[in-house]
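[1] Got a sequence here, can you model it:
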Amino acid sequence: MPNLIVVCGPQAVGKMTVAESLRDKLRYNLMINHDSIEVSDRIFGFGTPAQREFNSAFREKAFEVALKHGVDLIFTYVCAFDMRSERDYLEGLERMFFDAGGSFYFLELSCDLDTRLKRNETPHRMERKPSKRDLTWSRSNLISDAQNHRLNTDKDEYWFENHLKIDNTHLLPDEVAEMAIKAFSLMPNDRADSEYRWGV
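    Prediction:
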């Protein structure tokens, strides 16, 4: 009965570092959104139709394999909450894991724009996300998306039964992870490091 935790929020809000903390505390496997983005960019170029198709197929296959082998998974995602297609996609993931007897948890992070702009340039982000190393472009993209899309839900808006919202402007990743684990009543798996964080 595999579980899926989606860590969602705007660019540079801290999804990856929170997800990494959840991974290590729960011994879940982790797929950040840039795992598929960076691979598909290298093979098919940036923003091409082939890149978008491969990026989507990469993620779909990862979810399929996780379900097949009963692997608990964490996935980071940037959602444009103003787009119906985004809700359809996330609800589809929820159904996939529910139908397999697992659970679906949605952790939504938020913080102010100035903090996000600072986090956009951290060394760890640059290391894990090569496409963000063009800081002029990534800063412009971050600001543009903030202006053109609703990247967090409204105050009293909840999309899922297990939907937790945390403003992590002044919180460390480990603090956020502990809050989520407590709120969702999650228990860690008994697994060797090599099974969920090989090569990290």
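[2] And the strands in the protein?
    In the chain, the segments counted as strands under DSSP state E are 4-8, 29-31, 73-77, 104-110, 163-167.
[3] and the third one, what other elements does it pack with?
    Here strand 73-77 touches strand 4-8, helix 15-26, strand 29-31, helix 33-44, helix 49-69, going by 3 or more Cβ pairs under 8 Å, 6 or more residues apart in numbering; DSSP states H and E. C-beta: built from backbone N, CA, C; applies to glycine.
[4] If you count neighbours, what's buried in the lowest-mean-pLDDT helix or strand in the chain?
    Within the chain, no helix or strand scores below helix 123-128, which has a mean of 80 by mean pLDDT, DSSP states H and E. Neighbour counts over helix 123-128 (16 or more other Cβ atoms under 10 Å) mark 125, 128 as buried.
[5] So which elements touch that helix?
    Using 3+ Cβ pairs under 8 Å, 6+ apart: helix 123-128 touches helix 15-26.
[6] picking that back up, need the residues that contact the least confident helix or strand of the chain.
    12, 16, 17, 32, 34, 119, 132, 133 (Cβ atoms under 8 Å, 6 or more residues apart in numbering).
[7] what's the nearest residue to the fourth one if we skip its chain neighbours?
    In other words, residue 32. Spatial nearest neighbour of residue 32, excluding adjacent residues (Cβ to Cβ, 6 or more residues apart in numbering): residue 76 at 4.6 Å.
[8] Just among the contacts of helix 123-128, which is most surrounded?
    In terms of neighbours by other Cβ atoms under 10 Å, the contacts of helix 123-128 top out with residue 12 at 24 neighbours.
[9] Do you know the pLDDT at it?
    Residue 12 is assigned 95 on the pLDDT scale.
[10] where's it relative to residue 36, distance?
    18 Å (Cβ to Cβ, to the nearest Å).
[11] now residue 10
    Counting by Cβ to Cβ, the separation of residue 10 from residue 36 is 19 Å.
[12] And residue 111, by the same measure?
    From residue 111 to residue 36 the distance is 24 Å (Cβ to Cβ).
[13] Comparing the strands of the chain, which comes out most buried?
    Ranked by mean neighbour count, the strands of the chain are led by strand 4-8 with a mean of 26 (mean count of other Cβ atoms under 10 Å).
[14] Pull the contacting residues for the residue most central in space within the chain.
    The structure's the chain has its C-alpha centroid closest to residue 76; by Cα atoms, centre = their mean the separation is 0.7 Å. Residue 76 makes contacts with 6, 7, 8, 15, 16, 19, 31, 32, 33, as judged by Cβ under 8 Å, 6+ apart.
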